Each structure stands twice: as structure tokens, then as C-alpha cells.
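Student: Sequence isn't available, so here's the structure alone:
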């Protein structure tokens, strides 16, 4: 007999890893959301509490990322319902996947109280549905790395695929105290694109993945770029170019916008380099009068888990 | 003392491997161009003979792909010149990289008669310059796999990167007797593209590469697609959909247009499947009154070499 209540933690994550708009992300240690889920027998889903860093979120299950994900799960197990309490540990609109983490934490906890748990692929599918409640768009680049841990290819259909990363690879993420709404960041991407830019971006994606599989940081450096999305979003983030330059000056393999922003991240060959760079990146935000928090994490970050 | 004359062979190749427009290609056994190069001391480059399947090619060095590539090489070695004879074994306008193969064969032969040979990266750069003489566009997805052999990521700058492929992976290529000019095929690509299509294509590229590195043909099958270029070019190739369907009906991991067409290729888990499919694909071309040749090759095809 499974327990009727479980609690799960889902880490923050970086979506759109430069070359991988909407389809490549990695998890982060240090921030995350926790969900406590109780199994009920009335087939309904209720969001009973939202605590922590962010509380101004919809409590209507359909409009809440965790609620919508659980509604999907409940449909697969007729008669089963859920009550969920959320403890939000990821700042709103930070570009670290806060909406996704609630959905993933809720699903992982709920799956632990089901007598017949669903597959990881199903959880992934439901988590994308859940996140779409907040972002208005279905994409898996935050939920996939939260579910699997580390750097993950996030396809629209079918199971996500984990990518190995060279040992020691660390990420510095700086989160300026300024909210950029995901919908606004998405609106900046409207309009037409050139095939040539896509070729350049594809080269980058291929080189970065090749570098990961062959443990060759020079290939990762050659591939780490964003000629498609970053140029259209950079102007929404005050000081972006200075922050990116600070990262590159500190030896970053590359630097870009985390998710829909405004956080900026960069990859480094070691924790020491990432730590030094994080401080320099935060200084660069200060030069445009923005305070910023610094997070240093392995690129091969943690996966969501029952706690 | 190096010899004053050398001969080299460069294989045919498939460019634009579905998910890798202009940046992913693989070599083919069975067809290829041969170049015989003599070192001279007058700093000039002369195309002295063009024999074989295709002879109606420019003899002016600047306008000939082999000639232009050798002009670039001669600039790096002041005082050195070259005479080159070409034996063309790749049909014109077939989508198997005939223009590229002459440039690569000439460079590999010429490098063998230099007292100080240049690096592979330099040969790659010069070969792209050479091919641009014919295609009007600089891209490395044919020359890179010819130089390295097998499946290769072909960046605009820097060394190309070889991708391992699962053992047994074979390609069936059918070449209809019908010429599609590269410039016409490129013109079909003009216009704007949607970001969403780029995301779908990027997922495919990432899954296909993941499948190659992890020897997982199911991932290759999931990733093998072309939502960007194939839809715009398919109508230039009579019978394309029928030929592709014939390949998929025979168990192809995927099927698309080779290079700028009109050849159609597909990947299979075994040589036996590729052989059966090749016959079915040629039959499908017959249904639109086109005779077609079939080539079956390992995806991990040969590299150019001095002979």
C-alpha cells in the first residue's frame, strides 16, 4: 500500500541553453520548489496552499502549473484526485523555470502516491501541459532537466534525452532584481527569421553536443552561441551586454540569457572560475543599478526527487 | 623530397543530412572524382584536362571548383603553382557533391606534392572556397565528409568534427536521371522562416546526434526529419513523396533529399534493408517515368585519399 501523502523537490533550471531554444536545458542546484501532495478519492485537484518566495499565483487548478499538471495525471487514474501545497523557492520571472518546477515537484510527489505510477515519459508530457498554464506555450526545456537532472534534450514528443557533460563544468547564473514576464519575452521573438541564422545556430548546437559527448570543452566553446533569440531579447535586459562580457572576460565557454530572462548565465570549466565570474557578472549588473543574486551550480545539476 | 605529381580520390557525399542543412553531411562509397596534380614553379593554376562523366565544366581556374581551391592553396605557398587533370566520376547536378569532390581531390593531391603541407583545417577552408565557385554559396557539408570520411559536422569556421555512427548503418541513395541545378534548388529556399520550425528541426538534429553518440537507432529515427528545407524543395523533384514513402515502407530510419537534389536518400539499420529499399525507391521513380540509379553505402563512408 502506497502512502497517501508525499513531498517532492524540483530544482531550478536554465532553459534555452543558447543554441537550444525551447529544446535544451539544464538543472541547477540551490533553488527549487517543493510540493506536498495528498491523494484523494473525489477525482478533483485542489491547490490548498502556496507559500514561500512567490504567493501571488492562481489557485484555480486549471490556471496553476502544478494544478494543471495534476489534472492531467488525475485523468489517467479515474477516481483519483489530489490536494497540493506548494513551497516556492524560485523567484518569479527570474528565468530559472519557477513555473515548471512547481509542475514537476507536484507530479513527482503525486506519482509517488499512486498505486500504479506513470512512466517518466508521461510525467514529462504532463509537466509540459502544466507549464503551458503559465507561459502560454508548450515546451520542455525546463521540465525535462528538472525530471532527469543535468543537461537534457527536450523534444515536443517522446522521452527527453540526457546529455553527458565534461567533469567540472559549472554554470554561473546571475539573477537581477527585476522581473521580465515570460509573455513579454516571447513577444519579442515574433516575426520572420533567416535560414542562414538557423544554419549558424545549428552548427553551434551540433558542436556543443559534440563537445559534451567527447568531453571536449573547446568544441563546447566553439558551439556556444545564440544568433537567433538572444539578439531579440537582449534589449529587454538592462546591462545584458556588459554582464555577458564580464563572463567572457572571466573565461566563460559562452554566456547567454537563462530561459526567457532576465537572469544571465555562463558556463565555465571549473567551479572556481564560475565563482569569480559570478561576482564580476553581478558587478556588471550594478553598473546599471540592478542588484543581482549569484548562483553557482554544476551544469550536471540535480533531478527532482521525493523527499 | 616530395614527388612533383600526385593523384587523389574524393568520394561522393550527401549534404544537408535532413536535420543538418548546410552543416551535416556524410560520404558515400561507389562514386567519386579523381584529380592528378603536378606542382609547377610559376605560381599559376591550370586546369589541363576534364574527363569522365562530366566534361562541360569551366576550365578557367577561378570558375572551376578544383581550380579555385588550388588558387587558394597556391597563395599560401608563394611561387608554387599547379596543373590539374580531373576525372569526374560523379554525375552533374545529382546532389552527391560532384563540385565539392573535384575541389577536395585536387587539394588532397596538391597537398601531397607540397614540401610543407597545410593542415586539414586549411584544406577544409580552401575546399569550401572552391565549391562556392559552382554553388554560389559557401558551405562545408559536402567537402567536410569527403575530407574526414563518414558523418561530419561542417561548421563555417574551424575544423569539421566527425560523428560516430552505429555499426551497420547504411544509406540507400537513388539518383533519378534528371538534372536539378543547385542554384534553382537554392532559389526555392528564399523567403522567411518560422522560429517554431527551427525548434522542431533543432530537436531533430539533437536527437539524431544523440542517437549517433549513444548507438541508439531509435533516437536517430526520432530525430531524422526535415521540416525546413524539404517542404520547399520536394516539388522540384518529380515523385519525391512516393520515393520517400517507399523508403519508409522498407523500414528507413528516415529519408530526405540528398544535397540540393534530385537524389533521394534514406538510412537503414543494415545493408540488406538498404539494398531492398533502394530497389523499391527506384521503382517509385519509375512510376513518374524517371529511370534511377541506386547506390548503397555505409553511412560511415570513405575519406579522400592519395592513390
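Tutor: That came through fine. Note that the structure is predicted; figures quoted are calculated from it, not measured. Numbers count the residues shown, from 1 in each chain, chains lettered A, B, ... in the order given.
Student: What's the local residue count around the closest residue to chain B within the stretch 151-300 of chain A?
Tutor: The stretch 151-300 of chain A approaches chain B most closely through residue A:192 (3.2 Å), counting by C-beta to the nearest C-beta. The way it works is simple: take the backbone N, C-alpha and C, and place the C-beta from them, glycine included. If you count neighbours by other C-beta atoms under 10 Å in any protein chain shown, residue A:192 ends up with 9.
Student: Would you mind listing the residues in contact with the closest residue to it other than its chain neighbours?
Tutor: By the measure of C-beta to C-beta, 6 or more residues apart in numbering or on different chains, the closest residue to residue A:192 outside its immediate chain neighbours is residue B:192, 3.2 Å from it. Remark: with contacts taken as C-beta atoms under 8 Å, 6 or more residues apart in numbering or on different chains, residue B:192 is in contact with A:192, A:193, A:194.
Student: any idea of the pLDDT on residue B:192?
Tutor: Here the pLDDT value assigned to residue B:192 is 92.
Student: So the closest residue to residue A:14 other than its chain neighbours versus residue B:238, what's the distance?
Tutor: Of all residues beyond its chain neighbours, the one nearest residue A:14 is residue A:258 (4.6 Å), with distances taken as C-beta to C-beta, 6+ apart. When distance is defined by C-beta to C-beta, to the nearest Å, residue A:258 is 48 Å away from residue B:238.
Student: quick one, which of those two is more surrounded?
Tutor: Using other C-beta under 10 Å as the criterion, residue A:258 and residue B:238 rank with residue A:258 on top: 29 against 15.
Student: hang on, isn't that one packed against residue A:12?
Tutor: No: in this structure, residue A:258 is not within contact of residue A:12 by C-beta atoms under 8 Å, at 9.2 Å.
Student: shared neighbours, the two?
Tutor: Taking C-beta under 8 Å, 6+ apart as the contact criterion, the common neighbours of residue A:258 and residue A:12 are residue A:96.
Student: what kind of secondary structure is residue A:82 in?
Tutor: Three states are possible here, and by DSSP: H, G, I helix; E, B strand; the rest coil the one that applies to residue A:82 is strand.
Student: what are the bridge partners for it, then?
Tutor: Under the criterion DSSP bridges, residue A:82 forms beta bridges with residue A:39, residue A:45.
Student: Show the pLDDT at it.
Tutor: So residue A:82 comes in at 97 (pLDDT).
Student: Which strands and helices lie in contact with the helix or strand hosting residue A:272?
Tutor: Applying DSSP states H and E as the criterion places residue A:272 in helix A:271-286. Packed against helix A:271-286 by the contact rule (3 or more C-beta pairs under 8 Å, 6 or more residues apart in numbering or on different chains; DSSP states H and E) you find strand A:170-176, helix A:240-249, strand A:264-268, strand A:292-298.
Student: The last one - what's its average pLDDT?
Tutor: I take that to be strand A:292-298. The predicted model assigns strand A:292-298 a mean pLDDT of 97.
Student: just checking, next helix/strand downstream of it?
Tutor: Next in sequence after strand A:292-298, counting helices and strands by DSSP H and E, comes strand A:305-306.
Student: and the residue nearest to residue A:3 when sequence neighbours are not counted, what does it touch?
Tutor: If the residues on either side of it in the chain are set aside, residue A:3 comes closest to residue A:113, at 6.2 Å by C-beta to C-beta, 6+ apart. Remark: with contacts taken as C-beta under 8 Å, 6+ apart, residue A:113 is in contact with A:2, A:3, A:4, A:5, A:6, A:37, A:38, A:39, A:82.
Student: go on, residue A:57?
Tutor: Going by C-beta under 8 Å, 6+ apart, residue A:57 touches A:50, A:64, A:86, A:88.
Student: wait, isn't the second one in contact with residue A:54?
Tutor: No: using C-beta under 8 Å, residue A:64 is not in contact with residue A:54; the gap is 11.6 Å.
Student: More neighbours: which of those two?
Tutor: Ranked by neighbour count (other C-beta under 10 Å), residue A:64 and residue A:54 place residue A:64 first, with 26 against 19.
Student: The more buried one and chain B: what is the separation?
Tutor: In this structure, residue A:64 and chain B are separated by 26 Å, where distance is defined by C-beta to the nearest C-beta, to the nearest Å.
Student: re the thing from before, ok, and the most crowded of the contacts of residue A:113?
Tutor: Counting by other C-beta under 10 Å, residue A:82 has the largest number of neighbours within the contacts of residue A:113, with 31 neighbours.
Student: From chain B, how far off is it?
Tutor: Counting by C-beta to the nearest C-beta, the gap between residue A:82 and chain B amounts to 31 Å.
Student: residue contacts, that residue?
Tutor: The neighbours of residue A:82, taking C-beta under 8 Å, 6+ apart as the test, are A:37, A:38, A:39, A:40, A:45, A:46, A:70, A:73, A:74, A:106, A:110, A:113.
Student: Grab the nearest non-local neighbour of residue A:55.
Tutor: Once its chain neighbours are removed from consideration, residue A:55 has its nearest residue in residue A:88; the separation is 7.2 Å (C-beta to C-beta, 6+ apart).
Student: Kindly report the same for residue A:291.
Tutor: Once its chain neighbours are removed from consideration, residue A:291 has its nearest residue in residue A:177; the separation is 4.7 Å (C-beta to C-beta, 6+ apart).
Student: Pull the number of nearby residues for that neighbour.
Tutor: By the other C-beta under 10 Å criterion, the neighbourhood of residue A:177 contains 12 residues.
Student: Check residue A:41 too.
Tutor: Using other C-beta under 10 Å as the criterion, residue A:41 is surrounded by 9 other residues.
Student: Who are the contact partners of it?
Tutor: Counting by C-beta under 8 Å, 6+ apart, residue A:41 has contacts A:79, A:80, A:81.
Student: could you flag which of these are buried?
Tutor: Buried positions within the contacts of residue A:41, assessed by neighbour count (16 or more other C-beta atoms under 10 Å in any protein chain shown), are A:80, A:81.
Student: Please name the residues that touch the closest residue to residue A:172 other than its chain neighbours.
Tutor: What sits nearest to residue A:172 in space, not counting adjacent residues and going by C-beta to C-beta, 6+ apart, is residue A:278, at 3.8 Å. By C-beta under 8 Å, 6+ apart, the residues touching residue A:278 are A:172, A:173, A:174, A:294, A:295, A:296.
Student: and with 6 Å instead?
Tutor: Contacts of residue A:278 were listed using C-beta atoms under 6 Å, 6 or more residues apart in numbering or on different chains, and they are A:172, A:294, A:296.
Student: Go ahead and confirm the second one touches residue A:280.
Tutor: Which is residue A:294. No: no contact is recorded between residue A:294 and residue A:280 when judged using C-beta atoms under 6 Å, the distance being 9.7 Å.
Student: longest single helix anywhere in chain A?
Tutor: Using DSSP state H to assign secondary structure, the helix with the most residues in chain A is helix A:195-214.
Student: chain center to stretch A:152-159, what's the gap?
Tutor: Computed by C-alpha atoms, centre = their mean, to the nearest Å, the separation of stretch A:152-159 from the middle of its chain amounts to 14 Å.
Student: ditto for stretch A:103-122
Tutor: Centroid displacement of stretch A:103-122 relative to its chain, using C-alpha atoms, centre = their mean, is 19 Å.
Student: ditto for stretch A:77-90
Tutor: So, by C-alpha atoms, centre = their mean, the centroid of stretch A:77-90 is 20 Å from its chain's centroid.
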